[in-house]
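*Asks:* the following block contains a protein sequence and its predicted model.
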There are 2 protein chains.
Amino acid sequence: MRLRLTVAYVGTRYQGWQLQAGSAALQTIQGQLEHALGLLAGQPVRVHGSGRTDAGVHAEGQVAHCDMPDDRLARLKDLRHSLNALLPDDIRVFAACPADPDFHARFSAHAKTYRYQFWQDKGFVPPRLVPYVWCSGPLDVERMRAALPFLQGRHDFACLANAGSRPGESTVRELYALTLAEDVVWQGCQPLLTLQVTGSGFLKQMVRNLAGLLAAIGRGRLEAAVIPRLLAQGERRLVPTATAPARGLTMVSVDYGEHRS
Amino acid sequence: MRLRLTVAYVGTRYQGWQLQAGSAALQTIQGQLEHALGLLAGQPVRVHGSGRTDAGVHAEGQVAHCDMPDDRLARLKDLRHSLNALLPDDIRVFAACPADPDFHARFSAHAKTYRYQFWQDKGFVPPRLVPYVWCSGPLDVERMRAALPFLQGRHDFACLANAGSRPGESTVRELYALTLAEDVVWQGCQPLLTLQVTGSGFLKQMVRNLAGLLAAIGRGRLEAAVIPRLLAQGERRLVPTATAPARGLTMVSVDYGEHRS
């Protein structure tokens, strides 16, 4: 039977989502899930994620699918409980449900949402937030907000894709919504700044490149109005800003178009 | 010069606040601070905290004092920055300020505030919250709220003190405010339940014993009305509930009566 898993994780300790040559399987999220599912299935299980997350990137609602032998599943009273008992506590399965046989975590996805968190006080980061924010220093939020309309909509985002995107793949994506929110989470500090982006899909390190670009605008080093030119040029090397650190990024959710009216 | 430090930490990796025989100094928060301050002072520095936190307990606003040689201090452009550069990133100094020579982190304190967090869903704990909550299972908040008035005010809290309190010390304390708040932090899960307690002071493991007692009431295993009898008996062994785990507890702040009008 095909299963759909919704998985949350703290990415700090892992080499990213994907199994890769040169890393032990258990240093990846996919490897940890395959290990736990394999023990329950009594045979190797392949797990397919909605997308790869980099080393150090977190997730609240990563989605994956896999196939499990029916007889083994029938014997499990509570698959979620059994999985969570086998997984380390920085990887938690929120839901493990039967899915249509043609459900595919990656190809069935309509949209994905990511969140990127900026911490503005260089002098003090609340220790609980350290693994989840980029300590970017002070940012001008209004300058950053002015940049969002240039990014919204359907564009060729090649200029925000790092090398290693899936070869031959189109670099056109549609960003449906971009928001920047300020939250006071620590008295006496600048607000935590949260970028949330929902799009049809994302190229390799696209959200982190977007975060790096917006931070440069927020620091006054770049004008928002240059974005259309950068998009038109379509070359990462012509974008004069760095990829923002992985720790600030969280995959929030994957939308499979099921809740549309 | 006497300094007052406000310190936040994630207690997970430490053996608690206090330096103790049998633990390496750097496994304690006090030891880490003394190590960093000692490097800046060029001589040993003793740090006095407002109170000890147990192994695994966190802090947002622990306060400590110490004395530093004036000539060394004069040479430091930004003491907070220098300290944070020397400390591990799960211990952060929020403020390092000159204090009156008679300021004492423990004896000058008027009140302290602690927070204890209960997670009600046994099946799923958001991985980011794992180090900060007790996975208590479902609790009846209204039953717990009904217990709070029995605890508020001036009482002998000996029945909520574990062995190892300071010998000869009075066990009378005053609780000024107790609140229980529910926050939905994860869609599809029960709310996070947060107990916040402000009091004149706290006995050894008093907040964790209070949390254990309230959880038993929230589970329907004990009636709130037994509290006056337990307080009157004044014996920990007659309280039929366990000490709640350290990870759910955070020292929020210490009040030195400076902001009173």
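*Replies:* That came in fine, so what should we check first? Numbers count the residues shown, from 1 in each chain, chains lettered A, B, ... in the order given.
*Asks:* residues in the stretch 101-250 of chain A within reach of chain B, list them.
*Replies:* Selection of the stretch 101-250 of chain A residues close to chain B by C-beta under 8 Å from any C-beta of the partner chain yields A:123-128, A:130, A:132, A:188. C-betas here are computed from N, CA, C, even on glycine.
*Asks:* for these, give me TSV that also has distance to B:H35.
*Replies:* Shown next, in TSV, are these (distance: C-beta to C-beta, whole Å):
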residue	distance to B:H35
A:G123	20
A:F124	19
A:V125	20
A:P126	22
A:P127	17
A:R128	22
A:V130	19
A:Y132	27
A:G188	26
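*Asks:* what's the farthest-apart pair in these?
*Replies:* Greatest spatial distance among those (C-beta to C-beta): A:Y132 and A:G188, at 19.5 Å.
*Asks:* these two: who's more crowded?
*Replies:* Set A:Y132 next to A:G188 and count neighbours by other C-beta atoms under 10 Å in any protein chain shown: A:Y132 wins out with 21 against 10.
*Asks:* quick check: phi and psi at the more buried one.
*Replies:* Backbone geometry at A:Y132, expressed as degrees, to the nearest 10, gives phi -120, psi 0.
*Asks:* surely it and A:R115 touch.
*Replies:* No - contact criterion C-beta atoms under 8 Å: A:Y132 and A:R115 do not qualify, at 9.6 Å.
*Asks:* what touches both of those two?
*Replies:* A:T250 (C-beta atoms under 8 Å, 6 or more residues apart in numbering or on different chains).
*Asks:* low pLDDT regions in chain A?
*Replies:* A:165-166, A:259-261 (pLDDT under 70).
*Asks:* quick one, helices of it?
*Replies:* Assigned by DSSP state H, the helices in chain A fall at A:29-41, A:70-75, A:79-86, A:141-151, A:206-218, A:227-233.
*Asks:* okay, the ones you listed in JSON lines with mean neighbour count next?
*Replies:* Converted to JSON lines, the helices of chain A look like this (neighbours: other C-beta atoms under 10 Å in any protein chain shown):
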{"stretch": "helix A:29-41", "mean neighbour count": "21"}
{"stretch": "helix A:70-75", "mean neighbour count": "11"}
{"stretch": "helix A:79-86", "mean neighbour count": "18"}
{"stretch": "helix A:141-151", "mean neighbour count": "17"}
{"stretch": "helix A:206-218", "mean neighbour count": "25"}
{"stretch": "helix A:227-233", "mean neighbour count": "15"}
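*Asks:* for A:H104, which of these is the nearest?
*Replies:* Closest approach to A:H104 among these (C-beta to C-beta): helix A:29-41, 15.3 Å.
*Asks:* any part of the closest one near chain B?
*Replies:* No - residues of helix A:29-41 are not located near chain B by C-beta under 8 Å from any C-beta, the shortest gap being 10.9 Å.
*Asks:* export the helices of chain A to CSV and tack on distance to A:H58?
*Replies:* Output for the helices of chain A, formatted as CSV (distance: least, C-beta to C-beta, whole Å):
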stretch, distance to A:H58
helix A:29-41, 10
helix A:70-75, 29
helix A:79-86, 17
helix A:141-151, 22
helix A:206-218, 12
helix A:227-233, 27
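*Asks:* between these, which gets nearest to B:R154?
*Replies:* Among the helices of chain A, the nearest to B:R154 by C-beta to C-beta is helix A:79-86 (44.4 Å).
*Asks:* other residues contacting the closest one?
*Replies:* Here helix A:79-86 has contacts from A:3, A:5, A:33, A:35-37, A:39-40, A:73, A:76, A:92-96, B:123-124, using C-beta under 8 Å, 6+ apart.
*Asks:* please apply the same query to stretch A:19-27.
*Replies:* Residues outside stretch A:19-27 that contact it (C-beta under 8 Å, 6+ apart): A:13-15, A:28, A:30-32, A:34-35.
*Asks:* buried residues in it?
*Replies:* A:19-20, A:27 (16 or more other C-beta atoms under 10 Å in any protein chain shown).
*Asks:* how about the residues you listed in a markdown table, adding distance to B:E60?
*Replies:* What follows is the buried residues of stretch A:19-27, written out as a markdown table (distance: C-beta to C-beta, whole Å):
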| residue | distance to B:E60 |
| --- | --- |
| A:L19 | 39 |
| A:Q20 | 38 |
| A:Q27 | 32 |
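*Asks:* closest one of the residues you listed to A:H110?
*Replies:* Distance ranking of these against A:H110, using C-beta to C-beta, places A:L19 first at 25.8 Å.
*Asks:* now do the contacts for A:A105.
*Replies:* A:4, A:48-50, A:63-65, A:254 are the contacts of A:A105 under C-beta under 8 Å, 6+ apart.
*Asks:* in ChimeraX, select just the buried ones from the residues you listed.
*Replies:* In ChimeraX, this line selects whichever of the contacts of A:A105 come out buried by 16+ other C-beta under 10 Å:
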select /A:4,49,50,63,64,65,254
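*Asks:* please flag which of the contacts of A:A105 sit within strands.
*Replies:* A:4, A:48-49, A:63-65, A:254 (DSSP state E).
*Asks:* ok, which pair from these is furthest apart?
*Replies:* Farthest apart among the ones in strands among the contacts of A:A105 - using C-beta to C-beta - are A:H48 and A:V254, which lie 12.3 Å from each other.
*Asks:* rewinding a little: just the buried ones out of the residues of the stretch 101-250 of chain A next to chain B, please.
*Replies:* When these are checked for burial by 16+ other C-beta under 10 Å, the buried set is A:124-128, A:130, A:132.
*Asks:* distance to B:T241 added to those, as TSV?
*Replies:* Listed next are those as TSV, based on distance: C-beta to C-beta, whole Å:
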residue	distance to B:T241
A:F124	38
A:V125	37
A:P126	32
A:P127	31
A:R128	28
A:V130	34
A:Y132	34
